[in-house]
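**Q** model this:
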Amino acid sequence: MTQPQWETIYKIAQQWTKEAGEQIRTMMGDTYEIHTKANQHDLVTDVDRHTELFFKEKINEHFPDHRIMGEEGLGDEVKDLDGTVWIIDPIDGTVNFVHQQCYFAISIGIFHEGVGFIGIVYDVMADEMFMALKGHGAFLNNEELPKLPNVSMNESLLSFNAGWVLKDRRLENLVKESRGIRSYGAASLELAYVACGRIEAYISFNLAPWDMAGGYVLLNEVGGVMTNYEGNELSFLDKDTLLAANPSIYDDITKRIHG
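**A** Numbers count the residues shown, from 1 in each chain. From the prediction side, this is the model:
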């Protein structure tokens, strides 16, 4: 696709995301059903499904040759990233949505022939839209995000679920040597926070492509590094571990957890 086409898709994706956010805020005032998926911590609501269906209908109408990979399974069965694929999490942070009514986001990554071109992470309740078009920088609403600055480990805030320390005690090294640890419960937002410098790194041991795709494009535009926990490239087709970081501490983190 040509650059003007990408710019058009970029603007349309932002518009649809804003519309979806408005619908979510409206639906939060109504009664909705809550279900569990794989376990009691893995929740889905009617709002998740409604939002994914909203995107599916819009994409099928305007871009019928594009495919959709969505968390709630209402899109296509995607086994490769050929052509153009929208990777969508309609509500990332559903537990936060249900229990706290904040710290959840709509996450969209649009890939073409395996390359991430558009990333959008929209914090619905804070009305913060993090967005990026490949080669054109990343933005928070209308403010361009600067390239990530040099930082040291002892002045860095890191984000990971405290439960991961039980799976890999080497993470204790990061607890001791960083300025502090945070956990927000929504992977896409945590990636957006790395991109805008609110935190310096984010680690997870169990993420799906729709958790990571939007944030991946954002991070690329500000010079961030994003691999799996072992330092290998992400495929965006299967679940994986994740290490996303400011490049000035990425190597420090890997040395402390892998030796």
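
**Q** every contact and neighbour count from this point should use C-alpha atoms.
**A** Fine.

**Q** surely Val85 and Ile68 touch.
**A** Yes: proximity of Val85 to Ile68 meets the contact threshold set by CA atoms under 8 Å, at 5.5 Å.

**Q** closest to the centroid, which residue in this structure?
**A** In the chain, the centroid-proximal residue (CA atoms, centre = their mean) is Ser188; its distance is 2.5 Å.

**Q** quick check: which element contains it?
**A** Secondary-structure element containing Ser188, defined by DSSP states H and E: helix 187-196.

**Q** following that helix, which helix or strand comes up?
**A** Following helix 187-196 in sequence, per DSSP H and E, is strand 201-207.

**Q** report the buried residues of that next one.
**A** Within strand 201-207, the residues that qualify as buried are 201-205, 207, counting by 16 or more other CA atoms under 10 Å.

**Q** out of these, who's nearest Leu148?
**A** Closest to Leu148 out of those is Ala201 (11.5 Å), distances taken as CA to CA.

**Q** quick one: neighbours of the residue nearest to the closest one when sequence neighbours are not counted, just the number.
**A** Once flanking residues are discounted, Ala201 sits nearest to Ala245: 4.0 Å by CA to CA, 6 or more residues apart in numbering. Ala245 has 27 neighbouring residues, counting by other CA atoms under 10 Å.

**Q** measure Ala245 to Lys58 for me?
**A** Distance, Ala245 to Lys58, by CA to CA, to the nearest Å: 34 Å.

**Q** and Ala186, by the same measure?
**A** For Ala186, the distance to Lys58 (CA to CA) stands at 25 Å.

**Q** those two - which one has more neighbours?
**A** Between Ala186 and Lys58, counting by other CA under 10 Å, Ala186 is the more crowded of the two (20 against 14).

**Q** for that one, which residues are in contact?
**A** Contact analysis of Ala186 by CA atoms under 8 Å, 6 or more residues apart in numbering lists 92-93, 96, 103-105.

**Q** swap the cut-off to 10 Å and go again
**A** By CA atoms under 10 Å, 6 or more residues apart in numbering, the contact set of Ala186 is 91-97, 103-105, 123, 211.

**Q** ditto for Ser152
**A** Shown in contact with Ser152 (CA under 10 Å, 6+ apart): 177-179, 200, 246, 248-249, 252.

**Q** distance of it from Phe205?
**A** Noted for Ser152: a distance of 24 Å to Phe205, by CA to CA.

**Q** Gly21 too?
**A** In this view, Gly21 and Phe205 are 28 Å apart by CA to CA.

**Q** just Thr26 next, same as before
**A** Distance of Thr26 to Phe205, given as CA to CA: 33 Å.

**Q** likewise Phe117?
**A** Look at Phe117 and Phe205: by CA to CA, they are 25 Å apart.

**Q** biggest helix in the chain by residues?
**A** Looking across the chain with DSSP state H, the single longest helix is helix 3-27.

**Q** correct me, but Ile249 touches Leu174?
**A** No: look at Ile249 against Leu174 with CA atoms under 10 Å: they stay out of range, at 11.1 Å.
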